[in-house]
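In: need coordinates for the below:
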Amino acid sequence: MSETASPPTDAELVAAAAGGSEHAFRRLYRAYVRPVYWIAHGLLGNPADAEEVVQETFLAAWRKLPGLELAGESLLPWLVTICRFQSANRVRRQIRDREHTAGAVEETLPATVDVERQVVDGLLVDAVLAEVGALSTLDQEIFRLCAAEGYAYHAAAEQLGVSHGTVRNRLSRIRTRLRTTIDSEMT
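Out: Okay, the predicted model is just below:
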């Protein structure tokens, strides 16, 4: 029976990427591109803008990695912060461009920036990230693989060295816990 090495932690991948490892940065990108995209999409409401903000977020992350000291176990909260700033910058640029371009109306540009909605979305993201951060290491890995990276139960189980049923049951509990957090934040 061969023992499988545990996957590298985000801190290890950050250190390697900060040292110039494109492979480590690609792993971080693949791990977090989907949640960053959905956050950007939620803030901007436009797939094309969200895709550009994702690219800007990861470009900014690549540049800032050498000075980063990862506060927790996950890189996601830091990426979410960058994504939110990049999204706000994009909206400001679009408004400025619209004001300076006489007669040109971009159909994809929101008519108004709903600051209250951005604050609520930001609080919701923060609450979900805090809840995920409070999970056990195994549950965080299950959440990352299945919810963020889209792994099937059996693929996540194989990756983590646990049974299919363990992944299915734990993910069900995680989703219930997160739904409770979201419901309490929305009320």
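
In: output the below-cut-off pLDDT ranges for the protein.
Out: Where the chain drops to pLDDT under 70, the residues are 1-4, 71, 100-124, 148-149, 182, 185-187.

In: please repeat the previous calculation with a cut-off of 80.
Out: 1-6, 69-73, 96-133, 144-152, 178-187 (pLDDT under 80).

In: quickly note the distance from residue 68 to residue 36.
Out: 16 Å (C-beta to C-beta, to the nearest Å). In short, each C-beta sits where N, CA and C put it, glycine included.

In: ok, longest helix in the protein?
Out: Using DSSP state H to define each element, the chain has its longest helix at helix 76-100.

In: list the buried residues for that helix?
Out: 76-80, 82-84, 86-88, 90-91, 94 (16 or more other C-beta atoms under 10 Å).

In: same question, stretch 152-160
Out: For stretch 152-160, using 16+ other C-beta under 10 Å, the buried residues are 153, 156, 157, 159, 160.

In: which among the residues you listed gets closest to residue 141?
Out: Closest to residue 141 out of those is residue 160 (5.8 Å), distances taken as C-beta to C-beta.

In: which strand or helix spans the residue nearest to that closest one when sequence neighbours are not counted?
Out: Once flanking residues are discounted, residue 160 sits nearest to residue 141: 5.8 Å by C-beta to C-beta, 6 or more residues apart in numbering. In the assignment (DSSP states H and E), residue 141 maps to helix 137-143.

In: same deal with residue 151?
Out: Residue 151 belongs to no helix or strand when elements are defined using DSSP H and E.

In: how many neighbours does it have?
Out: Other residues lying near residue 151 total 18 when counted by other C-beta atoms under 10 Å.

In: tell me who's in contact with it.
Out: Taking C-beta atoms under 8 Å, 6 or more residues apart in numbering, we find residue 151 in contact with 145, 159.

In: from residue 139, how far off is it?
Out: For residue 151, the distance to residue 139 - C-beta to C-beta - is 14 Å.

In: about what we covered before: list the buried residues in the helix holding residue 141.
Out: Using 16+ other C-beta under 10 Å as the test for burial, helix 137-143 gives 139, 140, 141, 142, 143.

In: of the residues you listed, closest to residue 127?
Out: For the buried residues of helix 137-143, the residue nearest residue 127 by C-beta to C-beta is residue 143; the value is 14.6 Å.

In: can you give me the helices in this structure?
Out: 10-18, 22-44, 47-64, 76-100, 115-133, 137-143, 153-160, 164-186.

In: which residues touch the third one?
Out: Read that as helix 47-64. Helix 47-64 is touched from outside by 17, 25, 28-29, 33, 36-38, 40-41, 43-44, 78-79, 82-83, 86-87, 90, 108, with contacts defined as C-beta under 8 Å, 6+ apart.

In: 6 Å instead, please
Out: 29, 36, 37, 40, 41, 44, 82, 83, 86, 87, 90 (C-beta atoms under 6 Å, 6 or more residues apart in numbering).

In: now the fourth one
Out: By C-beta under 6 Å, 6+ apart, the residues outside helix 76-100 that reach it are 32, 36, 39-40, 43-44, 53, 56-57, 60-61, 109, 113, 125, 129.
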